[in-house]
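Colleague: sequence? don't have it. structure:
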């Protein structure tokens, strides 16, 4: 089986999470004033545990706040995706991207400018859509203020949905339910990261209050037979991220990852890189991992690819 030649699609990738030392050095060559030290970034590897991931993430903050850096990230990652025969991808942009507050005219302009920049590189080989990531550790009133700007971005055709991400413990999505209902009714796709670093209660919270079209990670849902039944019956799409889950400690061993069980149960799922710069993975490496560890066949990959395309937020 030629993994590299298989068509692929990805729904769970944070654009700022594509930063790695190689790309950091390219940014530094283009802009010597860039505050990211590629050597210091390289010293954070390998990522082992949540604390190590957050240590890595502090290098991302200055990159995600400047338009030119995000464009360079996009350039480099698009080239890598094309080389892997990735045909569709949804990139999650942070709500505070480009160094401006969501809701300002500058934010709209900068998302539009990034959209135009990416359009030049698609060339019919790949289709890229944007979502906006909302931190679940934000106060409910702040998230409520995001609703208008998010709707405006959606109506302008600049984003296809949102993702609710960030630390789960102590930060349920229940306080956001009215805002998420409003976005859902307006037709935005909604993804909720749940069951990554918390138990099944986090997945229940997402289902009950988050209006999710998709669940990100979902590792812990397999601890509750009732949840497994619901995901089977409703065919709720799960964006699975095996290497990410291993690196941050959601699973102790890659053999423990539930993606093999998801296949056996006939669940609707995709495989994703999450933050490929942090976890030094790619779509090719995730496919190879599934083949080597879980025995995925070409037919399994074809089914997963179609399920991924069916779950995309792009109309």
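Modeller: Yes, it's here. This structure is a prediction, so every number in the text was calculated from the model and none was measured.
Colleague: Below-threshold pLDDT in the chain: ranges please.
Modeller: When the per-residue scores of the chain are filtered using pLDDT under 70, the ranges that remain are 98-100.
Colleague: Okay, strands next: where are they in the stretch 51-200 of the chain?
Modeller: Counting by DSSP state E, counting those that start in this stretch, the stretch 51-200 of the chain has strands at residues 86-94, 127-135, 161-165, 189-194.
Colleague: Pick the most buried one from the ones you listed.
Modeller: Mean neighbour count (mean count of other Cβ atoms under 10 Å) peaks for strand 189-194 among the strands of the stretch 51-200 of the chain, with a mean of 27. Heads up, the C-betas are built off the backbone N, CA and C, glycines and all.
Colleague: Please name every helix or strand in contact with that strand.
Modeller: Applying 3 or more Cβ pairs under 8 Å, 6 or more residues apart in numbering; DSSP states H and E, we find strand 189-194 packed against strand 161-165, helix 177-185, helix 200-209, strand 214-217.
Colleague: Mind listing residues that contact the helix or strand hosting residue 39?
Modeller: Secondary structure from DSSP states H and E places residue 39 in helix 38-42. Residues lying outside helix 38-42 but in contact with it, judged by Cβ atoms under 8 Å, 6 or more residues apart in numbering, are 19-21, 24-25, 28, 56, 59.
Colleague: out of these, who's nearest residue 165?
Modeller: Set against residue 165, the nearest of those by Cβ to Cβ is residue 56 (15.7 Å).
Colleague: Just give the closest residue to the closest one, not the sequence neighbours.
Modeller: With sequence-adjacent residues excluded and distances taken as Cβ to Cβ, 6 or more residues apart in numbering, residue 56 is closest to residue 44, at 4.5 Å.
Colleague: So what does that neighbour look like in phi/psi?
Modeller: Listed backbone geometry of residue 44 is phi -80, psi -10, with angles given as degrees, to the nearest 10.
Colleague: The one 5 residues further on too?
Modeller: Main-chain torsions, residue 49, degrees, to the nearest 10: phi 110, psi 160.
Colleague: how many other residues sit next to residue 276?
Modeller: Residues lying near residue 276 (other Cβ atoms under 10 Å) number 26.
Colleague: Just confirm it contacts residue 13, I think it does.
Modeller: Yes. When contacts are counted by Cβ atoms under 8 Å, residue 276 is listed as touching residue 13 (7.0 Å).
Colleague: possible to save the strands of the stretch 51-200 of the chain as CSV with distance to residue 308?
Modeller: Listed next are those as CSV, based on distance: least, Cβ to Cβ, whole Å:
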stretch, distance to residue 308
strand 86-94, 8
strand 127-135, 12
strand 161-165, 15
strand 189-194, 13
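Colleague: of all these, which lies closest to residue 64?
Modeller: Evaluated over the strands of the stretch 51-200 of the chain, closeness to residue 64 peaks at strand 86-94, with 5.5 Å, by Cβ to Cβ.
Colleague: name the helices or strands packed onto the closest one?
Modeller: Secondary-structure packing of strand 86-94 (3+ Cβ pairs under 8 Å, 6+ apart): strand 8-14, strand 127-135, strand 161-165.
Colleague: closest one to residue 240 among the ones you listed?
Modeller: Nearest to residue 240, of all these, is strand 8-14, at 8.3 Å by Cβ to Cβ.
Colleague: circling back: tell me the one among the contacts of helix 38-42 nearest to residue 128.
Modeller: Residue 128 has its nearest neighbour among the contacts of helix 38-42 in residue 19, at 17.3 Å by Cβ to Cβ.
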